[in-house]
Structure formats: structure tokens, C-alpha cells
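S.K.: Next comes the sequence, and after it the predicted model I'd like to discuss.
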Amino acid sequence: MLTINVAVLLVVVVVLRLRRRTEARSRFDEKMTVAIVLVLGIVLAPTDVGQGIAGFLGRLVGGVSQAGQ
């Protein structure tokens with residue numbers, strides 16, 4: 001039985017869409033890419049990977065803000 005992780009599939013779709021040249025994109029194409037990235041964020045958020053990314057970004061922002069003071 002073959003299973004496909006939806007998050008992995010969305011990452012592949014996003015990478016393929018972002019590799020295209022910017023000049024070749026229509027406004028609808030850009031909106032569709034944004035929608036796909038938002039769905040990917042919603043799928044990743046409750047997972048351990050999503051929580052790890054959120055924790056890492058929180059520490060990174062905290063470190064940058066403390067360094068600027």
C-alpha cells in the first residue's frame with residue numbers, strides 16, 4: 001500500500017511553482033501559489049515538524065531582537 005503525505009505533496013507543488021520565471025506568472029497564478037502555501041502552513045502547524053519550525057523561528061526572532069537592543 002502506497003501512502004502520500006499531503007504536506008510533502010504540497011511542498012513539491014510549491015517548489016515546482018516557485019521555480020518558474022516570475023515574468024511567466026499571471027496574477028491568478030500568483031494567488032494560487034499563495035493559497036497553496038497557506039494550506040501547507042495549516043497542514044504543518046499541528047504537527048511536530050510545524051511546532052519545531054515555530055519554536056526555531058521564535059528563538060531566532062527573540063535572539064535578533066535582543067541583539068538589536
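M.R.: Received the coordinates, thanks. Numbering: from 1, shown residues only.

S.K.: right, and Leu40 touches Val8 too?
M.R.: No: checked against C-beta atoms under 8 Å, the pair Leu40 and Val8 is beyond contact range at 10.0 Å. Glycine gets a C-beta too; all of them are placed from N, C-alpha and C.

S.K.: So between these two, which is more surrounded?
M.R.: Leu40 (18 against 10; other C-beta atoms under 10 Å).

S.K.: how close does the nearest residue to that one once chain neighbours are set aside sit to Val39?
M.R.: Distances taken as C-beta to C-beta, 6 or more residues apart in numbering place Leu10 nearest to Leu40, at 4.3 Å, with adjacent residues excluded. Applying C-beta to C-beta, to the nearest Å, the value for Leu10 to Val39 is 6 Å.

S.K.: Tell me which of those two has more neighbours.
M.R.: Using other C-beta under 10 Å as the criterion, Leu10 and Val39 rank with Leu10 on top: 18 against 15.

S.K.: just checking, next helix/strand downstream of the helix or strand where that one lies?
M.R.: Using DSSP states H and E, Leu10 maps to helix 6-18. Where DSSP H and E defines the elements, the next helix or strand beyond helix 6-18 is helix 27-44.

S.K.: Using PDB, list the CA coordinates for that next one.
M.R.: Coordinates of the C-alpha atoms in helix 27-44 are reproduced here as PDB (Å, rounded to 0.1, in the frame of the first residue of the first chain):
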ATOM      1  CA  ARG A  27      -2.000  37.300 -11.300                       C
ATOM      2  CA  PHE A  28      -4.200  34.200 -10.900                       C
ATOM      3  CA  ASP A  29      -1.100  32.000 -10.800                       C
ATOM      4  CA  GLU A  30       0.500  34.100  -8.000                       C
ATOM      5  CA  LYS A  31      -2.800  34.000  -6.000                       C
ATOM      6  CA  MET A  32      -2.900  30.200  -6.400                       C
ATOM      7  CA  THR A  33       0.600  29.900  -5.200                       C
ATOM      8  CA  VAL A  34      -0.200  32.000  -2.100                       C
ATOM      9  CA  ALA A  35      -3.300  29.800  -1.400                       C
ATOM     10  CA  ILE A  36      -1.300  26.600  -1.700                       C
ATOM     11  CA  VAL A  37       1.400  28.000   0.700                       C
ATOM     12  CA  LEU A  38      -1.300  28.900   3.200                       C
ATOM     13  CA  VAL A  39      -2.800  25.400   3.000                       C
ATOM     14  CA  LEU A  40       0.700  24.000   3.500                       C
ATOM     15  CA  GLY A  41       1.100  26.100   6.700                       C
ATOM     16  CA  ILE A  42      -2.300  24.900   8.000                       C
ATOM     17  CA  VAL A  43      -1.300  21.300   7.400                       C
ATOM     18  CA  LEU A  44       2.100  21.700   9.000                       C
END
